[in-house]
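# Provided below for reference: sequence and predicted model.
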Amino acid sequence: SKKDDKAKSFSDKHLSTLRYLREFDYECDTLCAFLKSITVKLSNNPFLLLEGEAGIGKSHLLADVIKSRIEAGYPSLFLLGQQLATDEAPWVQILKRLQLKNTSTELLEKLNLYGQKKGKRFLIFIDAINEGNGNKFWEDNINSFVDEIKKFEWLGLIMSVRSTYKGITISNEQVSRNNFETHEHLGFSNVETEA
């Protein structure tokens, strides 16, 4: 009957609208989750502390990220915590290691300018800050070290630390004070071959 056809048409019309609303709601949830993700946080605040247990693959992960960045033309500087083995401030040791006569500010200005000219953020990676003499000098120097990098729009910093040394090398207060995004690397379980 016409009445039944009209009711069915009305029902189909609203079912379709409800389906579209559910799909829209799902997409809104997906967008909100992305906006709250560490990816977006790091795009606005490029300071990451990567932590994980010994031998879990933190160094491997950083090396893979740097390799991908280099292949894509993104500038990166990679430093090993084990090479920072004296009691001197980190910048003093880094400049000596790089065999540069510059001051830290001069170096950072050049790295920032390079990133700006490329239109790509220049990331400084320091792997295993708990190694070398890191457990002695980072605690006293991390705030000034980060503050100096934060002055430059085109620079970012990624540091990794073994979980068992996190409280010794860098305290929770320092992580908070320096507004580090933190990520715990759980390893490459189930993807060891690809890693």
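Arrived safely. Residues are numbered from 1 along each chain as shown.

# Only C-alpha atoms from now on, for both contacts and neighbour counts.
Fine.

# can you pull out the strands in the protein?
47-52, 76-80, 122-127, 155-162, 181-184 (DSSP state E).

# Residue nearest the middle of the protein, spatially speaking?
Leu48 (4.0 Å; C-alpha atoms, centre = their mean).

# from the chain's centre, how far out does the worst-scoring helix or strand of the chain on mean pLDDT sit?
The weakest-scoring helix or strand in the chain, judged by mean pLDDT, DSSP states H and E, is helix 38-44 (a mean of 73). Distance of helix 38-44 from the chain centroid (C-alpha atoms, centre = their mean, to the nearest Å) equals 8 Å.

# Kindly report the same for stretch 161-179.
15 Å.

# For that stretch, output the C-alpha coordinates as PDB.
C-alpha atoms of stretch 161-179 as PDB (Å, rounded to 0.1, in the frame of the first residue of the first chain):
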ATOM      1  CA  VAL A 161      67.400   7.100  29.000                       C
ATOM      2  CA  ARG A 162      67.300   3.600  30.500                       C
ATOM      3  CA  SER A 163      64.200   3.300  32.700                       C
ATOM      4  CA  THR A 164      66.200   2.200  35.800                       C
ATOM      5  CA  TYR A 165      68.300   5.400  35.600                       C
ATOM      6  CA  LYS A 166      65.600   7.800  34.800                       C
ATOM      7  CA  GLY A 167      65.100   9.200  38.400                       C
ATOM      8  CA  ILE A 168      68.900   9.500  38.800                       C
ATOM      9  CA  THR A 169      69.800  11.100  35.400                       C
ATOM     10  CA  ILE A 170      66.700  13.200  35.000                       C
ATOM     11  CA  SER A 171      64.100  13.600  37.700                       C
ATOM     12  CA  ASN A 172      60.300  13.800  37.100                       C
ATOM     13  CA  GLU A 173      60.500  17.400  38.200                       C
ATOM     14  CA  GLN A 174      63.000  18.200  35.500                       C
ATOM     15  CA  VAL A 175      60.900  16.300  32.900                       C
ATOM     16  CA  SER A 176      57.900  18.400  33.900                       C
ATOM     17  CA  ARG A 177      59.900  21.700  34.200                       C
ATOM     18  CA  ASN A 178      61.300  21.200  30.800                       C
ATOM     19  CA  ASN A 179      58.000  20.200  29.300                       C
END
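
# Could I get the buried residue list for it?
Buried positions in stretch 161-179, judged by neighbour count with 16 or more other C-alpha atoms under 10 Å: 161-163, 165-167, 169-170, 175, 178.

# pLDDT below threshold where in this protein?
For the chain, the stretches with pLDDT under 70 are 1-12, 37, 40, 188-195.

# which residues of it fall in helices?
2-35, 38-44, 58-71, 90-97, 104-118, 134-150, 166-169, 172-177 (DSSP state H).

# want to try JSON lines for these, with distance to Leu79 as columns?
Below are the helices of the chain laid out as JSON lines (distance: least, C-alpha to C-alpha, whole Å):
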{"stretch": "helix 2-35", "distance to Leu79": "30"}
{"stretch": "helix 38-44", "distance to Leu79": "20"}
{"stretch": "helix 58-71", "distance to Leu79": "11"}
{"stretch": "helix 90-97", "distance to Leu79": "8"}
{"stretch": "helix 104-118", "distance to Leu79": "14"}
{"stretch": "helix 134-150", "distance to Leu79": "13"}
{"stretch": "helix 166-169", "distance to Leu79": "16"}
{"stretch": "helix 172-177", "distance to Leu79": "20"}
